[in-house]
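Trainee: my questions concern the predicted model and sequence given below.
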Amino acid sequence: MTGCAGAQTERDGLQGDAGAGPQPCRVGRATLYLADCREVLGAITTESIDAIVTDPPYELTAARPGGRSAATRGAVMRGFMGLAWDATGIAYDPTLWRECLRVLKPGAHLLAFGGARTAHRMVCAIEDAGFEIRDSILWLYGSGFPKSKNLAEEWQGWGSALKPACEPIVLARKPLAERTLEANVARYGTGALHIDACRVPAPEGAVVRIAHFESGAKRGFGGGLKGGSRVSPQRLGRWPANVVHDGSEEVLGHFPEAPGQLAPARNDGEPQRNSVYGVLRHVTRQPEPRADSGDAGRSTAARFFYCAKASRADRGTGNAHPTVKPTALLGYLCRLVTPDEGVVLDPFMGSGSTGVAALREGFRFMGCEKEPSYYEIARGRVARITNDVRVAKEVRR
């Protein structure tokens, strides 16, 4: 296969189509395809993939309802930064996502980045394909810059766009095949999120406590909480949230000054009726304040996973791809949805950041990229991380 010559290869159990069609390039525990993902997906075995983590085209200039007005159509560039791959409409195609659904194991998750003004159409296509939409993770960053048109002098102070500072990541799941989540996880290894692998460490010196509730006579909170709640310290870190950020001063400045519980909680046992939770009693085994120390905004931000945007070193030498995501973020997402030794698929591999992240986390990887220049960058990055992982294993021995 073009671009695979000279690469270190080994069989990893992922079987490509030995006949006509795209042929796989195997680099360590990764299988790469220089091809349109729609050509590759059809050759992948049904229910063989453990997770999909991908960054599809945002379709910022693709034809769509609510897109360019008739007055300007044809007078603007086609494709993000003039790149035609951003204007195909593939991310809005339910047929593509149905193939993704087919190759995933029951209960397996899909994580897909989207643009702030186009993600809704991708999410609808994913849902129409048969996925359950479980959540949306918001990635906040401070390094975006406004892409706004300057108007005539009489309209100084007006513009055409806001400064970009966030991107949504849809979290979807293939429906379970078993009657319960526990049974599905036991059979396929998929369906649940790996919470402990993605907990957010507490700031140095802070104690993270977890609340335990006992429900009343009725199912859930409707019958009230017997004896209130009890809170115990734990060292695993905070429960992962549906917000991640880059730790920049600009983002930290937007977090509210909410350091947590500042005063002792009531502990008199008196009942109080609540329209949502029923009867609650002022009883707790941990009435003392549990506030984080230090700057309120920083301590609040520390409750969420954070990593810097992709640096030059993170991108790799000569990586000219315009939308590279940080490997630390992609590693976090892979850990969240992939079982041990699982296979992560990226149908839109680009320059290979998901592959680098997945391999670094100990997973297997399968990726597709149709642009030869990006594919070569991805293959080189995957080969380097494969060698680094091998060297690290040798050192540990």
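Mentor: Done, it's in.

Trainee: lowest confidence element among the helices and strands of the protein?
Mentor: Least confident helix or strand, the chain: strand 225-234 with a mean of 52, by mean pLDDT, DSSP states H and E.

Trainee: output the contacting helices and strands for whichever helix or strand comes after it.
Mentor: Per DSSP states H and E, the first helix or strand lying C-terminal to strand 225-234 is strand 243-245. Applying 3 or more Cβ pairs under 8 Å, 6 or more residues apart in numbering; DSSP states H and E, one finds that strand 243-245 contacts strand 132-140, strand 305-306. From N, CA and C alone the C-beta is placed, and that goes for glycine too.

Trainee: might you report the residue contacts of the closest residue to residue 181 other than its chain neighbours?
Mentor: Nearest non-adjacent residue to residue 181, counting by Cβ to Cβ, 6 or more residues apart in numbering: residue 191, 5.3 Å away. Residue 191 makes contact with 106, 107, 108, 173, 176, 181, 184, 185, according to Cβ atoms under 8 Å, 6 or more residues apart in numbering.

Trainee: go again using 6 Å as the cut-off
Mentor: For residue 191, the contacting residues are 107, 176, 181, 184, 185, by Cβ atoms under 6 Å, 6 or more residues apart in numbering.

Trainee: need the three-state assignment for residue 250.
Mentor: What DSSP: H, G, I helix; E, B strand; the rest coil gives for residue 250 is helix.

Trainee: and the closest residue to residue 119 other than its chain neighbours, bridged to which residues?
Mentor: Residue nearest to residue 119 in three dimensions, not counting chain neighbours: residue 168, with 4.8 Å by Cβ to Cβ, 6+ apart. Taking DSSP bridges, one obtains residue 138 as the residues bridged to residue 168.

Trainee: any idea how far residue 168 lies from residue 139?
Mentor: Look at residue 168 and residue 139: by Cβ to Cβ, to the nearest Å, they are 8 Å apart.

Trainee: now residue 358
Mentor: Noted for residue 358: a distance of 18 Å to residue 139, by Cβ to Cβ.

Trainee: higher neighbour count, these two?
Mentor: Neighbour count, other Cβ atoms under 10 Å: between residue 358 and residue 139, residue 358 has more, with 33 against 21.

Trainee: let me see the contact set for the more buried one.
Mentor: Counted by Cβ under 6 Å, 6+ apart, residue 358 has contacts 334, 344, 365.
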